[in-house]
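In: The following block contains a protein sequence and its predicted model.
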Amino acid sequence: MALLLDTTRRLDTLVAETQATAAVPTLVAGVVRDGVLAHVTSAGEPPPDPGTQYRIGSITKTMTAALVLRLRDEGRLALDDPLDRHLPGTPVGTVTLRQLLGHASGLQREPESDGWWERTEGADLAALLAGLTPAKLAHPPYRVFHYSNLAYGLLGGVLERLTGQSWWDLLRERLLGPLGLTRTSYQAEAPYALGYVVHPWHGTLREEPRTDTGAMAPAGQLWASTADLARWAAFLADPDPALLAPETVTEMCAPVVMNDLDSWTSGHGLGLELYRSGERVYIGHGGSMPGYVAGMMVHRPSRTAVVTFANAYGFRSGSIGALTRQLLTEVLDREPNPVRAWRPADGPPEPAVAELTGRWWFMAREFEASWDGEAEELLLTLLRPAGAAPWRFARVEPDRWRGRSGMNDGEILAVRRNPDGSVRALDIATFVFTRDPDRLD
């Protein structure tokens, strides 16, 4: 879906201005609309294209989390499993996988290392575990939010022990390959942007090492192109059920812990950062590694996202997170919401469904039941005041439907019948809907 010309001009201007004021060699941003990379804009030299790789840093964590949730869906682990169940003998084994995913475990931020782990060659899982001590628990679990790279190194170890595969092999097999992310890699693959630290006084560049972080790779190792990261953002907005159930991605977006208890403008879900921007909530993650910063923010209701990269360690003015949020907000404020064309149904629903459609009443409030043939769901919508979102129900057995949205998500709609088999009422968690507004049945 192409963007309006005024929108692209505004985005191009913002990226050009930010590259100049932030003093980064190159800056690139990609906009996703309705699953498609709709616009790419960049500034700096040499000019990057959508296939140029940058290091994505902690955005890697979103993919590690997706692997954990996929194994959970397969019944191979539970989110409330203690770490000790999968990595026995560790002195921090009482923390749970859920706490590790949501940065609510209380673990310290970094692993033991002879140098800054992001800038030195990493050790293996055995060495990572050997560096654990009880003192690595800086806070009791859930006491406060405390970001932990170490937590994701341990989650990678859980994946390795559980599957017998390396984290990287598992990622390629389960996510990258099926999604066609051919420009997402463990190490840089040309063409890629060199990463720098910009000297604060005279603007010269110091090239940074491109490290293999070993057992800490699940926390921040990956490289990706704009086109690939945009495809991952599109997946998070509208997941392919063959790879990860949509309800599982929604679960990843639910808050585990709030970062700021005074204003509730940001939090963490299961591997995803949550950001409030006015009345909107964005999900995604930021990333940094020596020489690089990156951003990814997604507005799931409109299936719109922005991904950003720069090949310098930090901005002289502002931040890549602030820019990513500004670009996404500009798109949402300026562009009309994507509209899916209506098309007629292939035919009426079966009689057992058709007889449920039409008007229903509960406590003098009028509802309309309709059928969504594409989703195979029964919709129940409050008519006054107008504009209410429908409750959706999926059939689980004859005359029993499971709620899929709103206040009735997870609740049962049971069809009550008369002795002659005709429908008498709809019972939703003891709230009884009838065809007659005077009847309370």
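Out: Looks like it came in fine.
In: if I pick residue 238, what's in contact with it?
Out: Applying CB atoms under 8 Å, 6 or more residues apart in numbering, we find residue 238 in contact with 35, 246, 300, 303. C-betas here are computed from N, CA, C, even on glycine.
In: got it, and residue 380?
Out: Applying CB under 8 Å, 6+ apart, the residues near residue 380 are 360, 367, 368, 369, 390, 391, 393, 413, 426, 428, 433.
In: How many neighbouring residues does residue 23 have?
Out: 16 (other CB atoms under 10 Å).
In: again, but for residue 13
Out: For residue 13, using other CB under 10 Å, the count is 12.
In: Show only the entries of the contacts of residue 238 found in strands.
Out: Using DSSP state E, no member of the contacts of residue 238 sits in strands.
In: among these, who's most crowded?
Out: residue 303 (20 neighbours).
In: For it, which non-adjacent residue is closest in space?
Out: Spatial nearest neighbour of residue 303, excluding adjacent residues (CB to CB, 6 or more residues apart in numbering): residue 237 at 4.3 Å.
In: Quick one: neighbours of that neighbour, just the number.
Out: 21.
In: Let's see the distance spanning stretch 389-408 from one end to the other.
Out: Start and end residues of stretch 389-408 are separated by 12 Å (CA to CA, to the nearest Å).
In: any chance you could map the helices in this protein?
Out: 5-22, 60-73, 83-86, 97-101, 125-130, 149-163, 167-171, 177-179, 217-220, 226-237, 246-252, 320-334, 351-354 (DSSP state H).
In: Of all those, which one comes closest to residue 384?
Out: The closest of the helices of the chain to residue 384 is helix 351-354. By CB to CB, the value is 24.4 Å.
In: Quick check: buried residues in the closest one?
Out: For helix 351-354, burial by neighbour count (16 or more other CB atoms under 10 Å) applies to residue 353.
In: which secondary structure elements does it contact?
Out: Helix 351-354 sits against no helix or strand, with contacts defined as 3 or more CB pairs under 8 Å, 6 or more residues apart in numbering; DSSP states H and E.
In: Just give me the closest of the contacts of residue 238 to residue 78.
Out: Distance ranking of these against residue 78, using CB to CB, places residue 246 first at 20.4 Å.
In: surely the closest one meets residue 239?
Out: Yes: between residue 246 and residue 239 there is a contact at 5.1 Å, judged by CB atoms under 8 Å.
In: which stretches of the stretch 51-200 of the chain aren't confidently modelled?
Out: The stretch 51-200 of the chain contains no residues with pLDDT under 70.
In: redo that, cut-off 90
Out: Within the stretch 51-200 of the chain, the ranges that satisfy pLDDT under 90 run 110-123, 138-144.
In: ok, now the stretch 251-400 of the chain?
Out: Using pLDDT under 90, the flagged stretches of the stretch 251-400 of the chain are 260-264, 336-343, 345-348, 374.
In: what about the strands in it?
Out: Counting by DSSP state E, counting those that start in this stretch, one finds strands in the stretch 251-400 of the chain at the ranges 257-258, 266-268, 273-277, 280-289, 292-299, 304-310, 358-362, 365-372, 377-382, 391-397, 400-403.
In: which of those sits most buried?
Out: strand 304-310 (a mean of 30; mean count of other CB atoms under 10 Å).
In: Tell me the strands beside it, with direction?
Out: Paired neighbours of strand 304-310 in the sheet (DSSP bridges): strand 26-33 (antiparallel), strand 292-299 (antiparallel).
In: the domain parsing of this structure - what is it?
Out: Listed domain ranges for the chain are 5-334, 351-434 (source: automatic domain parsing).
In: most tightly surrounded among those domains?
Out: Comparing those on average neighbours per residue, with mean count of other CB under 10 Å, the densest one is domain 5-334 at a mean of 19.
In: Can you get me the start-to-end distance on that one?
Out: Its first and final residues considered, domain 5-334 spans 10 Å by CA to CA.
In: The nearest residue to residue 150 once chain neighbours are set aside and residue 87, how far apart?
Out: Spatial nearest neighbour of residue 150, excluding adjacent residues (CB to CB, 6+ apart): residue 111 at 4.9 Å. Note on residue 111: its distance to residue 87, by CB to CB, to the nearest Å, is 14 Å.
In: How about residue 377?
Out: Applying CB to CB, the value for residue 377 to residue 87 is 41 Å.
In: Likewise for residue 94?
Out: Distance from residue 94 to residue 87, by CB to CB: 12 Å.
In: just to revisit the earlier point, and residue 116, which of the strands paired with strand 304-310 is closest to it?
Out: Residue 116 lies closest to strand 292-299 among these, at 14.5 Å (CB to CB).
In: CA atoms only for the closest one, dumped as PDB, please.
Out: The C-alpha trace of strand 292-299 is given here as PDB (Å, rounded to 0.1, in the frame of the first residue of the first chain):
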ATOM      1  CA  TYR A 292      24.900   0.200  15.700                       C
ATOM      2  CA  VAL A 293      21.400   1.200  16.900                       C
ATOM      3  CA  ALA A 294      18.100   0.000  15.600                       C
ATOM      4  CA  GLY A 295      14.400   0.400  16.300                       C
ATOM      5  CA  MET A 296      11.200  -1.500  15.500                       C
ATOM      6  CA  MET A 297       7.700  -0.300  16.500                       C
ATOM      7  CA  VAL A 298       4.400  -1.800  15.400                       C
ATOM      8  CA  HIS A 299       0.800  -0.600  15.700                       C
END
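In: between that strand and helix 60-73, what angle do the directions make?
Out: Angle between the axes of strand 292-299 and helix 60-73 is 50 degrees (criterion: axes from the mean of the first three to the mean of the last three CA atoms, to 10 degrees).
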